[in-house]
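Novice: sequence plus predicted model, see below.
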Amino acid sequence: MSRRDRLKGLFTDTAQELAAANFEETSVRGAAGPVRTMALTLGRMEEESRAMEEALLSGEHIVELDPELIDSSFIRDRLGDEPLDLEDELVQSIAENGQEVPILVRRNPHHDGRYQIAYGHRRLQAVKLLGRKVQAVIRKLDDTDLVIAQGIENSARRNLSYIERAVFALNLELKKFDRPVIMKALSTDKTEMSKLISVAKAIPGDIIQAIGAAPGIGRRRWLALAQDWTDTTAGRLTKLIASSTFNAVESDRRFELVIAELSKKEEAKPQTTEYDWKPASGGKIAGRIKSSGTSYTIVLKTGDAPDFGTYLSSRLDELYEAYKAEKQKTGDTL
């Protein structure tokens, strides 16, 4: 078999395998979104495979690169990558059979001699772990090409969770990408894209980061949290997200703890009243009275304040007994 035919078959088979894997995972986990989204995802994977194949057959070469010279994308899409180890199936496959599918990179526009990955993050991780050079195709890609390729890879490997998709969409918008580009990168339509961005905007980034990817938490629950979010909500979570209990559990459970905390009824804060006092008959004294529901403070000032304060203090027992007698007379309980 010629190298040309081998490459053609390689990328055609890869697209089919990735599409099948994506469909199987979605079936097991349940529908993650509209049927249209899955169709767009599978269609884009086949499109990328054809583009890769055509590029290779038209003269682009597979080269070996030092993995340490390859940087991640300028757009963060995941809240935390799952690290590979030597027991991982992909790592073992590359160790035994070599890297059969190259990664896709571009020259890093900001650092001479370095590259930026568009596609093949897990393969790059695996090769790094094995201490090998990485097989790569170097292509001229602008920022739009890169994020679309990145979105395609996210559809092919472990699916982004709902909140990761939301953060990815918002990051793309903040980088001034047009809405059609964002929709293509996420394999989604205009309505769903707007919801994704609204969720990521409503919930503060530090809260999202603290919760993590939460792969088992879907669209409905994140939307509900975003819709109920207020300026005071985050303050109620400060102590929770800093606790060892919160940080010791996995991401889905952290989301549940946040919801449980926000479901608690806030303790009613005692109403505070504060006002000035002066004797009706006049005199060289004034006061500031403050009541907070659990305490009562009288501050006396001006000329007669020290003497009147001493007089009042010396009669506190007498006044309190008179207060109790009055309560008993009127039938109130103490």
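Specialist: Now that the structure is in, tell me what you want to look at.
Novice: tell me where the model's unsure across the stretch 151-300 of the chain.
Specialist: 153-159, 265-270 (pLDDT under 70).
Novice: hey, where'd the strands end up in it?
Specialist: Remark: strands assigned in the stretch 151-300 of the chain by DSSP state E, counting those that start in this stretch are 273-277, 286-291, 296-301.
Novice: for those strands, give me TSV that also has distance to residue 180 and mean neighbour count.
Specialist: Backbone N, C-alpha and C define where each C-beta goes, glycine included. Output for those, formatted as TSV (distance: least, CB to CB, whole Å; neighbours: other CB atoms under 10 Å):
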stretch	distance to residue 180	mean neighbour count
strand 273-277	58	10
strand 286-291	60	15
strand 296-301	64	12
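Novice: mind putting the ones you listed in a markdown table, distance to residue 167 included?
Specialist: Formatted as a markdown table, those follow (distance: least, CB to CB, whole Å):
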| stretch | distance to residue 167 |
| --- | --- |
| strand 273-277 | 45 |
| strand 286-291 | 46 |
| strand 296-301 | 49 |
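Novice: nearest to residue 175, of those?
Specialist: Nearest to residue 175 among the strands of the stretch 151-300 of the chain is strand 273-277; the distance by CB to CB comes to 50.4 Å.
Novice: what's the angle from the closest one to strand 286-291?
Specialist: In terms of direction (axes from the mean of the first three to the mean of the last three CA atoms, to 10 degrees), strand 273-277 departs from strand 286-291 by 160 degrees.
Novice: now do strand 273-277 against strand 296-301, angle only.
Specialist: Angle, strand 273-277 to strand 296-301, by the same axes, to 10 degrees: 30 degrees.
Novice: then strand 273-277 to PDB, C-alphas only?
Specialist: C-alpha atoms of strand 273-277 as PDB (Å, rounded to 0.1, in the frame of the first residue of the first chain):
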ATOM      1  CA  THR A 273     -32.800  51.500  64.800                       C
ATOM      2  CA  GLU A 274     -30.800  54.500  65.900                       C
ATOM      3  CA  TYR A 275     -31.900  58.000  66.900                       C
ATOM      4  CA  ASP A 276     -31.000  61.000  69.000                       C
ATOM      5  CA  TRP A 277     -32.600  61.900  72.400                       C
END
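Novice: pairing partners for it, with directions?
Specialist: strand 286-291 (antiparallel) (DSSP bridges).
Novice: got a list of contacts for the partner strand?
Specialist: 272-278, 296-302, 305 (CB atoms under 8 Å, 6 or more residues apart in numbering).
Novice: same question, stretch 76-96
Specialist: With CB under 8 Å, 6+ apart, stretch 76-96 has contacts from 121-123, 125-127, 129-130, 132, 150-151, 154, 158, 160-161, 163-164, 167-168, 171, 208-209, 212-213.
Novice: mind redoing it with 6 Å?
Specialist: 122, 125-126, 129-130, 164, 168, 212-213 (CB atoms under 6 Å, 6 or more residues apart in numbering).
Novice: out of the residues you listed, which sit inside helices?
Specialist: For the contacts of stretch 76-96, membership in helices holds for 122, 125-126, 129-130, 164, 168, with DSSP state H as the criterion.
Novice: burial of the nearest residue to residue 219 once chain neighbours are set aside, as a residue count?
Specialist: Nearest in space to residue 219, with sequence neighbours left out and distances taken as CB to CB, 6 or more residues apart in numbering, is residue 162 at 5.1 Å. Neighbourhood size, residue 162 [other CB atoms under 10 Å]: 24.
Novice: same deal with the one 3 residues further on?
Specialist: Burial measure for residue 165: 28 neighbouring residues, criterion other CB under 10 Å.
Novice: quick one, what contacts it?
Specialist: 186, 196.
Novice: against residue 183, how distant is it?
Specialist: Taking CB to CB, to the nearest Å as the measure, residue 165 falls 12 Å from residue 183.
Novice: ok, now residue 222?
Specialist: Distance from residue 222 to residue 183, counting by CB to CB: 19 Å.
Novice: got it, and residue 197?
Specialist: In this view, residue 197 and residue 183 are 11 Å apart by CB to CB.
Novice: tell me which of the two has more neighbours.
Specialist: Taking neighbours as other CB under 10 Å, residue 197 and residue 183 compare with residue 197 leading, 21 against 18.
Novice: fine by me, we can end here.
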